[in-house]
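Asker: everything below, folded, please.
(4 chains)
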There are 2 protein chains.
Amino acid sequence: MVETSSDTKRPTKSARTRKRILDAAAAEFRQAGYNARLVDIAERAGIQAGSLYYHFASREELVAEILQLGLATAFAQVRQAVEELDGSDIESDPRRRLETAIRAHTMAVLEQSDYASAQAKIVGQVPPDIAKAHKADQRSYGAYWNDLLETAATAGVLRADLDLFAARMLAFGAMNWTTEWFDPSRRLSADQIADTAVMMIMSGLAK
Amino acid sequence: MVETSSDTKRPTKSARTRKRILDAAAAEFRQAGYNARLVDIAERAGIQAGSLYYHFASREELVAEILQLGLATAFAQVRQAVEELDGSDIESDPRRRLETAIRAHTMAVLEQSDYASAQAKIVGQVPPDIAKAHKADQRSYGAYWNDLLETAATAGVLRADLDLFAARMLAFGAMNWTTEWFDPSRRLSADQIADTAVMMIMSGLAK
DNA sequence: GTCTATATGCAGATAGAC
DNA sequence: GTCTATCTGCATATAGAC
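Answerer: Prediction:
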């Protein structure tokens, strides 16, 4: 049997380059939106544009993978934050779990991950085929949030007349739209924005 | 002096075609996002793609005008709704004024106007030059909202520790993002969504 | 695996007839 | 004013050398 690099712990050169391309693509999509060009992605990854096609069959394939990884990243960070909270409490408070999820998602999108940020930014811009393929991932993340909300509703923490789907989508809008206006060089930190998001979504702007 | 059509009340043929193009562009951008093609816009307007250039110098010029008209439309509808409220009350309640503005903006974006909807959908996707030119319009609409918020804050209606800029941007996110998920053929009406938006932004999801 | 060079396709834009 | 025909430029994609 030939000694291949899969026998070692180290990822293959191909896998490492592929990762560099994905990182570069996430950064470019985050910054420039869906119309980011392959030449710019390639340059950021330190290769020529043509070389991308050794790793990805098409631009669409690359976009699809960024969307998937972006959602997976946000999901993982939110779930981890909520589970850490559960670990610290015997009784997990459904309201605090929701607040924790809101803060974690907002932070993921604002500064934790170019992938999560890119997903939030371009998900509304991708062509129908890619959007359709992405729907399954969205449903699974949405189901997780729906669970957080339903548990809170059942516990009597949320207002009774609330439509949970509308509430969830409005909350996502507030959180994901931060990618459009957050500016790290300005007055407001990501943490402050996340705090304000938690406050508005859960308690509203009014006293 | 030659009799020109500007002497009559009726808009010139050119003005009417131009309007048809703008209407078509608003509808296409709303539906397909920034990458909507000129051929599709032209087809919807009932002309050939080349004929667009008699009315607009470039695609960018058309996009810029849609953005401007979209924001102006939302602004006008919000202002009108707030002023009607003021007329019905001797004392205008700053909280109800805010609620009215939220409902009006959400309705403008959801079903009152393809222009307002298109603006909300593509404003985050346009290239830097167009975005920069649009900034002035955004500032003026933003100033109006800031005024609504500051008046409410001064009256003690809002929570004391609130950052009004963050609050405004989060609220816009919740409202504008509805363009991504609203589906007229589904369960939730635009009115129900607007109601939920008012509730979440002003009072929060929690009891 | 990545390079250079090139092909392909498409959307925006222009020219001139009508 | 709008049409048809055509040009141009650019981004994606391919081919073959290394």
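
Asker: now the helices for chain A?
Answerer: Counting by DSSP state H, one finds helices in chain A at the ranges A:13-32, A:38-45, A:52-55, A:59-88, A:94-107, A:114-122, A:128-154, A:164-176, A:178-181, A:190-203.

Asker: highest average neighbour count across the ones you listed?
Answerer: Most buried of these, by mean neighbour count (mean count of other CB atoms under 10 Å in any protein chain shown): helix A:114-122, with a mean of 26. For the C-beta atoms, the positions are set from N, CA and C on the backbone; glycine is no exception.

Asker: does it come close to chain B?
Answerer: Yes: applying CB under 8 Å from any CB of the partner chain, one finds helix A:114-122 in contact with chain B at A:Lys121.

Asker: next, the angle helix A:13-32 makes with that helix.
Answerer: Put simply, helix A:114-122 runs at 40 degrees to helix A:13-32, going by axes from the mean of the first three to the mean of the last three CA atoms, to 10 degrees.

Asker: centre of the chain versus helix A:114-122, how much separation?
Answerer: Offset of helix A:114-122 from its chain centre (CA atoms, centre = their mean, to the nearest Å): 6 Å.

Asker: distance of the residue of chain A found nearest DNA strand C from B:Tyr141?
Answerer: Across chain A, the shortest distance to DNA strand C (CB to the nearest atom of the strand) belongs to A:Gly50, at 2.8 Å. Per CB to CB, to the nearest Å, A:Gly50 is found 45 Å from B:Tyr141.

Asker: output the set of residues of chain A in proximity to DNA strand D.
Answerer: A:Arg37, A:Leu38, A:Val39, A:Ala49, A:Gly50, A:Tyr53, A:Ala57, A:Ser58, A:Arg59, A:Glu60 (CB under 7 Å from any atom of the strand).

Asker: adding pLDDT, write those residues out as TSV.
Answerer: TSV is the format used below for the residues of chain A next to DNA strand D (pLDDT from 0 to 100):
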residue	pLDDT
A:Arg37	98
A:Leu38	98
A:Val39	98
A:Ala49	98
A:Gly50	98
A:Tyr53	98
A:Ala57	98
A:Ser58	98
A:Arg59	98
A:Glu60	98
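
Asker: and of these, the nearest to chain B?
Answerer: For the residues of chain A next to DNA strand D, the residue nearest chain B by CB to the nearest CB is A:Arg37; the value is 12.0 Å.

Asker: just the pLDDT at A:Ser5, thanks.
Answerer: Note for A:Ser5: predicted pLDDT of 46.

Asker: what residue lies at the spatial centre of chain A?
Answerer: A:Ala116 (2.8 Å; CA atoms, centre = their mean).

Asker: give me the pLDDT for that one.
Answerer: A:Ala116 is assigned a predicted lDDT (pLDDT) of 99.

Asker: could you do the one 10 residues further on as well?
Answerer: The per-residue pLDDT reported for A:Val126 equals 98.

Asker: A:Phe56 touches A:Leu22, doesn't it?
Answerer: No: if you go by CB atoms under 8 Å, A:Phe56 and A:Leu22 don't touch, sitting 9.2 Å apart.

Asker: intersection of neighbour lists for the two?
Answerer: Any residue near both A:Phe56 and A:Leu22 by CB atoms under 8 Å, 6 or more residues apart in numbering or on different chains counts here, and that gives A:Leu62, A:Glu65.

Asker: neighbouring contacts of stretch A:95-113?
Answerer: Contacts for stretch A:95-113 (CB under 8 Å, 6+ apart): A:26, A:70, A:73-74, A:77-78, A:80-82, A:85-86, A:89, A:116-117, A:120, A:145, A:148-149, A:151-152, A:157, A:171, A:175-176, A:178-179, A:182, A:184, A:190-191, A:193-195, A:197-198, A:201-202, B:205-206.

Asker: what residues does chain A put near DNA strand C?
Answerer: Going by CB under 7 Å from any atom of the strand, the residues of chain A near DNA strand C are A:Thr12, A:Lys13, A:Ser14, A:Thr17, A:Gly46, A:Ile47, A:Gln48, A:Ala49, A:Gly50, A:Ser51, A:Tyr54, A:His55.

Asker: which of those has the weakest pLDDT?
Answerer: Ranked by pLDDT, the residues of chain A next to DNA strand C bottom out at A:Lys13, which has 91.

Asker: now do that one against A:Ala57, distance only.
Answerer: 19 Å.

Asker: could you do A:Arg18 as well?
Answerer: 13 Å.

Asker: low pLDDT regions in chain A?
Answerer: Residue ranges of chain A with pLDDT under 70: A:1-8, A:89-91.

Asker: stretch A:61-75 and chain B in contact?
Answerer: No: shown here: stretch A:61-75 not in contact with chain B (CB under 8 Å from any CB), separated by at least 12.8 Å.

Asker: please export the C-alpha coordinates of that stretch as CSV.
Answerer: C-alpha atoms of stretch A:61-75 as CSV (Å, rounded to 0.1, in the frame of the first residue of the first chain):
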residue,chain,number,x,y,z
GLU,A,61,-20.4,25.2,-5.9
LEU,A,62,-18.1,27.5,-4.0
VAL,A,63,-21.0,29.8,-3.1
ALA,A,64,-23.1,26.9,-2.0
GLU,A,65,-20.4,25.6,0.3
ILE,A,66,-19.9,29.1,1.9
LEU,A,67,-23.6,29.3,2.6
GLN,A,68,-23.6,25.9,4.2
LEU,A,69,-20.5,26.4,6.3
GLY,A,70,-21.8,29.9,7.3
LEU,A,71,-25.0,28.5,8.7
ALA,A,72,-23.3,25.6,10.3
THR,A,73,-20.9,28.0,12.0
ALA,A,74,-23.6,30.2,13.4
PHE,A,75,-25.6,27.1,14.5
